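S.K.: Give me the fold of what follows.
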Amino acid sequence: MKSKALGFCASLACCGLLGGCTTDQYARMLIKQNTSYGKINEAMVGSSEQLQEQGAIFAGRQYTMPDNVKIDVWVLKASPKAAPQGTVLAIHGLCDAKVTYLKLAKMLTEKGFNVVLPDLRAHGRSSGRYVTYGALEKHDQRRVIDALYEEKIVSGPLLAFGVSLGGSVAIQYAAIDPRVKGVMAMAPLKDLKSVARKLTNTPFMSDEDLQRVLIRAGEMGKFDPKSASALQVIVTLRCPVLLVHGKLDTMVPHTDSEELKKAAGGPAELELIPWAGHIGMLFGREAKIVASLEKLASGSLSAPDDEKEGEEKTD
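M.R.: From the prediction side, this is the model:
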């Protein structure tokens, strides 16, 4: 009886999809992600004011976007003991939050970088209902950087860094802001369409039905799904791009980074990590990430020698 019920439900879902009945459901599943993990982690560290009092951050800001979404931002200032190296915009991944990057940010300040940590829309302490995979997020980043430069809170050359969705947003953002002098993207997804089946758990959905879901997701979230593409815009980049990807990544395959490297309009390198999957690309690698960003800031694209140990580099 139970197996018959399951079979009936599966058939009903399939028929509903083919009839367009569940297109809204799948579209909502795609752009309304459960971001409670990052929100909880961020709540545990206290308010921006408390973090400022503790000296953990220099400033907290919240900027309102044209669609009234509020983007919450933390800024850490470079140590006065270090030679200034500019500013790093560090963008978190899907369902995460900026608090995950505090350790990395602190290490970067000790090397002379200012660090900007935003919560993406619908994540952390930012508002908004929907994730748009870079289509709107890239413009959010530009407005945040515009405001911070105008306030003279940060200055100098700008690098964009991100992991997973953050890596894709970093590439898309760099394509619309000439102030970006280098990009480091870890496990970036090449575009929204390439991950849509996995995020909606519909591996057997037809291309036609998937396209309907993407169109409906764009209507709901008020964005163009085709513009949520790092692959589409990386060809326009002239700044150096360092891509890092795990060969065991089953969520975003390393072939995404291989395609991005091939399409890059400027100098690009790809570091493949044989033992790494998608989760945990940041943890335990902070020192190597800092060294890679220093190389990128200096105009030398290659990762540091200790980064290459046990890893593959593709030219």
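S.K.: can you pull up the bridge partners for the residue lying closest to residue 166 once chain neighbours are set aside?
M.R.: Leaving aside its chain neighbours, residue 166 sits nearest to residue 91 (3.5 Å; criterion: Cβ to Cβ, 6 or more residues apart in numbering). C-betas here are computed from N, CA, C, even on glycine. With DSSP bridges as the criterion, residue 91 is bridged to residue 162.
S.K.: Residue 91 is in contact with residue 168, isn't it?
M.R.: No. Using Cβ atoms under 8 Å, residue 91 makes no contact with residue 168, being 9.1 Å away.
S.K.: Between those two, which contacts overlap?
M.R.: When contacts are counted by Cβ atoms under 8 Å, 6 or more residues apart in numbering, residue 91 and residue 168 are jointly contacted by residue 162.
S.K.: in the stretch 151-300 of the chain, which ranges drop under the pLDDT threshold?
M.R.: Within the stretch 151-300 of the chain, the set of residues satisfying pLDDT under 70 is empty.
S.K.: Quick one: end-to-end length of stretch 212-228, please.
M.R.: 16 Å (Cα to Cα, to the nearest Å).
S.K.: Which positions in that stretch come out as buried?
M.R.: Neighbour-count burial for stretch 212-228, counted by 16 or more other Cβ atoms under 10 Å, picks out 212, 213, 214, 216, 217, 218, 220, 221, 223, 225, 227, 228.
S.K.: Among those residues, which ones are in helices?
M.R.: 212, 213, 214, 216, 217, 218, 220, 221 (DSSP state H).
S.K.: could those go into TSV alongside distance to residue 290?
M.R.: Below are these laid out as TSV (distance: Cβ to Cβ, whole Å):
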residue	distance to residue 290
212	44
213	40
214	37
216	42
217	36
218	37
220	39
221	35
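S.K.: now, among the residues you listed, which is nearest to residue 120?
M.R.: Nearest to residue 120 among those: residue 221, at 13.1 Å, using Cβ to Cβ.
S.K.: Contact partners for the closest one?
M.R.: So residue 221 contacts 31, 129, 130, 131, 132, 135, 136 (Cβ under 8 Å, 6+ apart).
S.K.: would you list every one of the strands in the stretch 101-250 of the chain?
M.R.: 113-118, 158-163, 180-186, 241-246 (DSSP state E, counting those that start in this stretch).
S.K.: how about the second one as CSV, C-alpha atoms only?
M.R.: If I follow you right, that is strand 158-163. Only the C-alpha atoms of strand 158-163 are listed here, as CSV (Å, rounded to 0.1, in the frame of the first residue of the first chain):
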residue,chain,number,x,y,z
LEU,A,158,40.2,46.1,-5.1
LEU,A,159,40.2,42.3,-5.2
ALA,A,160,37.0,40.2,-5.3
PHE,A,161,37.1,36.8,-3.5
GLY,A,162,34.3,34.3,-3.1
VAL,A,163,33.4,30.6,-2.5
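S.K.: Looking at residue 91 and residue 168, which is more packed in?
M.R.: More crowded of residue 91 and residue 168, by other Cβ atoms under 10 Å: residue 168, with 34 against 30.
S.K.: Tell me if I'm right that the more buried one and residue 230 touch.
M.R.: Yes. Using Cβ under 8 Å, residue 168 is in contact with residue 230, at 4.5 Å.
S.K.: Identify the contacts common to the two.
M.R.: With Cβ under 8 Å, 6+ apart as the test, residue 168 and residue 230 both reach 134, 185, 188, 189, 190, 191.
S.K.: Including distance to residue 204, could those residues go into CSV?
M.R.: Formatted as CSV, these follow (distance: Cβ to Cβ, whole Å):
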residue, distance to residue 204
134, 27
185, 30
188, 26
189, 21
190, 22
191, 20
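S.K.: Closest to residue 294 out of those?
M.R.: Nearest to residue 294 among these, with distances taken as Cβ to Cβ, is residue 185, at 16.7 Å.
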